[in-house]
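Visitor: No letters, just coordinates:
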């Protein structure tokens, strides 16, 4: 496939507003849409009182300050622990998984960049819950994601590889070598460590490096029962010299990671920065910008530091970036929730789980070891109707539970205008990354919003947002909006 060239030629120089490139609500919304899942009008107005750089610093600092979710009562309980407590282990584990999905759902809404980065890394250091199905493993895995989401990437790699979920998912617990026998060595984790987690496909490693690394990763296979912690067993460790990246030593797990970052730091930095770029900026990569990011990242592998540079840059705020990404199912649902300011019940959260799963994004259950590929993969003839249904589900929730929220959204967005075009346009613009393609698109939407109110009521200024019909008019506009192509973009 031919490599596309980025049309965004702006650099990583810090964005400084001027008369031709002002700091405005559209740019603030762009930040909130990409770093979190949208914002209320109050949050947008508050951001406009800050400089762009200060705003970014505040968002990143707030994310760093978010502590990992406190350990639940079942955090360290194995299958036998549940049984010994007189509980049904299968029922308890299933309930724990349900509880933690709700926790992850809320973290995406409430924790801004921290919530988004936790989900991002779950799609990088992929595991699938169905493959290990232990609540204690799930808690440990999620805790590591939260702990290192904006921290040191090298330490992140060290910790995630020894998590119980990862040891089971990528067969580390099966990787063993008694008496230095090579017949039971499993190469799975070694391969994915390089291919998916740090270097990228066929980038700086050989098959022999994988073989030798697999020997060094042996021994992590001791457990006393189902859902018990997996610990190191020296008896099943391949003890002897291994040659990895032309370095020879009696490498063990920690030695593998140290050697990897010592010998392939440049490759790691470029691979991770390209992935961050694609996620936060555009699927079409600007290699010059990625290389500049990597030059910073390689110095300390601090995730927050390289993200600050990207988020403050002219490149990130270049308007050619707006609307270049397709929203994931959770982008879609959570941006809608955050923008309008809806609080939904647990029952409706369950509905969102179900609908987003149909649309292709099931939390803790990516499609495979490579994760969700995103962007165009989110939309096809099957998932598109599911995406519409998710927002329809939320619109009718508001109609059935809080119609005044619909009215208030129109008032807040438009400044309480009585011009139906202004009201409709202001609401639409809250949800889309840039203005619709043409004035005609806004005119059509305005006609939908007007509903069956006689035209002369608008012409004479008799109609306003206090009318009893307004909540339903907003419903009609939202149902029209969600089927516009621009609504699917961020």
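Guide: Yes, it's here. Model, not experiment: these values are computed from the prediction. Numbering: from 1, shown residues only.
Visitor: Can you get me a residue count around residue 12?
Guide: 19 (other C-beta atoms under 10 Å). Every residue, glycine included, has its C-beta placed from N, CA and C.
Visitor: next one: the one 5 residues further on
Guide: Using other C-beta under 10 Å, the number of residues around residue 17 comes to 13.
Visitor: now the strands for the stretch 101-250 of the chain?
Guide: Under the criterion DSSP state E, counting those that start in this stretch, the stretch 101-250 of the chain contains strands at 220-222, 231-232, 242-244, 247-249.
Visitor: Quick check: which ranges of this structure have low pLDDT?
Guide: The chain contains residues with pLDDT under 70 at 1-5.
Visitor: What lies in contact with the lengthiest helix in the chain?
Guide: In the chain, taking DSSP state H as the definition, the longest helix is helix 89-110. The contact list for helix 89-110, computed with C-beta atoms under 8 Å, 6 or more residues apart in numbering, reads 37, 69, 72, 74, 77, 79-80, 82-83, 114-116, 118-119, 129, 133-135, 138-139, 142, 227, 330, 334, 337-338, 346, 349, 352-353, 363-364.
Visitor: Stretch 480-490 now?
Guide: Contacts of stretch 480-490 (C-beta under 8 Å, 6+ apart): 33-34, 323-327, 331-332, 335, 379, 387-388, 391-392, 395, 427-428, 431-434, 436-437, 441, 445, 448-449.
Visitor: go again using 6 Å as the cut-off
Guide: 33, 323, 325-327, 331, 388, 391, 428, 431-433, 436, 445, 448 (C-beta atoms under 6 Å, 6 or more residues apart in numbering).
Visitor: same check, this time on stretch 39-52
Guide: Residues contacting stretch 39-52 (C-beta under 6 Å, 6+ apart): 15, 23, 25, 28, 32, 55, 341, 412.
Visitor: For residue 283, grab the count of nearby residues.
Guide: 16.
Visitor: How about the contacts made by it?
Guide: Per C-beta under 6 Å, 6+ apart, neighbours of residue 283: residue 375.
Visitor: ok, 8 Å please
Guide: Here residue 283 is in contact with 324-325, 374-376 (C-beta under 8 Å, 6+ apart).
Visitor: Next, format the strands of the stretch 101-250 of the chain as a markdown table and append mean neighbour count and distance to residue 408.
Guide: As requested, these are exported to a markdown table (neighbours: other C-beta atoms under 10 Å; distance: least, C-beta to C-beta, whole Å):
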| stretch | mean neighbour count | distance to residue 408 |
| --- | --- | --- |
| strand 220-222 | 21 | 55 |
| strand 231-232 | 14 | 55 |
| strand 242-244 | 20 | 61 |
| strand 247-249 | 12 | 63 |
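Visitor: centre of the chain versus stretch 307-314, how much separation?
Guide: In this view, stretch 307-314 has its centroid 18 Å away from the chain centroid, taken as C-alpha atoms, centre = their mean, to the nearest Å.
Visitor: likewise stretch 156-163?
Guide: Distance, centroid of stretch 156-163 to centroid of chain: 19 Å (C-alpha atoms, centre = their mean).
Visitor: what's next to that stretch, contact-wise?
Guide: Here stretch 156-163 has contacts from 121, 125, 137, 140-141, 144-145, 147-148, 166-167, 172, 189, 193, 197-198, 220, 253-254, 257, 260-261, 303, using C-beta under 8 Å, 6+ apart.
Visitor: Neighbours of the nearest residue to residue 463 once chain neighbours are set aside, how many?
Guide: In space, and not counting its chain neighbours, residue 463 is closest to residue 457: 4.4 Å by C-beta to C-beta, 6 or more residues apart in numbering. Each residue near residue 457 was counted by other C-beta under 10 Å, and the total is 15.
Visitor: what's next to the helix or strand where residue 457 lies, contact-wise?
Guide: For residue 457, the element it lies in under DSSP states H and E is helix 455-459. Helix 455-459 is touched from outside by 419-420, 450, 462-463, with contacts defined as C-beta under 8 Å, 6+ apart.
Visitor: quick one: buried residues of it?
Guide: Residues of helix 455-459 classed as buried: residue 458 (neighbour count, 16 or more other C-beta atoms under 10 Å).
Visitor: now swap in stretch 129-142 and tell me
Guide: Under the neighbour-count rule (16+ other C-beta under 10 Å), stretch 129-142 has 129, 132-142 buried.
Visitor: Any chance of a markdown table for those residues, columns distance to residue 309?
Guide: Converted to a markdown table, these look like this (distance: C-beta to C-beta, whole Å):
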| residue | distance to residue 309 |
| --- | --- |
| 129 | 34 |
| 132 | 36 |
| 133 | 40 |
| 134 | 39 |
| 135 | 38 |
| 136 | 37 |
| 137 | 35 |
| 138 | 33 |
| 139 | 33 |
| 140 | 31 |
| 141 | 29 |
| 142 | 28 |
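Visitor: what's the closest of those residues to residue 271?
Guide: residue 141 (21.9 Å; C-beta to C-beta).
Visitor: how much space is there between that closest one and residue 251?
Guide: 25 Å (C-beta to C-beta, to the nearest Å).
Visitor: Just the element for residue 55, please.
Guide: Counting by DSSP H and E, residue 55 is found in helix 52-65.
Visitor: Centre of the chain to that helix, how far?
Guide: 18 Å.
Visitor: Same question for stretch 438-450.
Guide: That offset, for stretch 438-450, works out to 33 Å (C-alpha atoms, centre = their mean).
Visitor: What segments of the stretch 301-450 of the chain are helices?
Guide: 303-311, 314-317, 329-340, 346-358, 383-401, 403-414, 420-431, 439-450 (DSSP state H, counting those that start in this stretch).
Visitor: want to throw the ones you listed into a markdown table with distance to residue 162 and mean neighbour count?
Guide: Below are these laid out as a markdown table (distance: least, C-beta to C-beta, whole Å; neighbours: other C-beta atoms under 10 Å):
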| stretch | distance to residue 162 | mean neighbour count |
| --- | --- | --- |
| helix 303-311 | 19 | 20 |
| helix 314-317 | 34 | 23 |
| helix 329-340 | 28 | 23 |
| helix 346-358 | 30 | 16 |
| helix 383-401 | 36 | 17 |
| helix 403-414 | 47 | 19 |
| helix 420-431 | 43 | 22 |
| helix 439-450 | 53 | 16 |
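Visitor: Just send these back as a markdown table, with distance to residue 62 too.
Guide: As requested, these are exported to a markdown table (distance: least, C-beta to C-beta, whole Å):
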| stretch | distance to residue 62 |
| --- | --- |
| helix 303-311 | 11 |
| helix 314-317 | 18 |
| helix 329-340 | 15 |
| helix 346-358 | 24 |
| helix 383-401 | 26 |
| helix 403-414 | 23 |
| helix 420-431 | 22 |
| helix 439-450 | 35 |
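Visitor: Nearest to residue 279, out of those?
Guide: Residue 279 lies closest to helix 303-311 among those, at 10.4 Å (C-beta to C-beta).
Visitor: hmm, back to that, out of the contacts of helix 455-459, which one sits closest to residue 59?
Guide: Using C-beta to C-beta, the contacts of helix 455-459 come closest to residue 59 at residue 419, 33.9 Å.
Visitor: got a list of what that closest one touches?
Guide: Counting by C-beta under 8 Å, 6+ apart, residue 419 has contacts residue 458.
Visitor: Distance of it relative to residue 262?
Guide: Distance from residue 419 to residue 262, by C-beta to C-beta: 64 Å.
Visitor: now swap in residue 393 and tell me
Guide: Taken as C-beta to C-beta, the span from residue 393 to residue 262 is 51 Å.
Visitor: returning to what we had before: with distance to residue 486 as extra columns, can I get the contacts of helix 455-459 in TSV?
Guide: Formatted as TSV, the contacts of helix 455-459 follow (distance: C-beta to C-beta, whole Å):
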residue	distance to residue 486
419	22
420	20
450	21
462	32
463	27
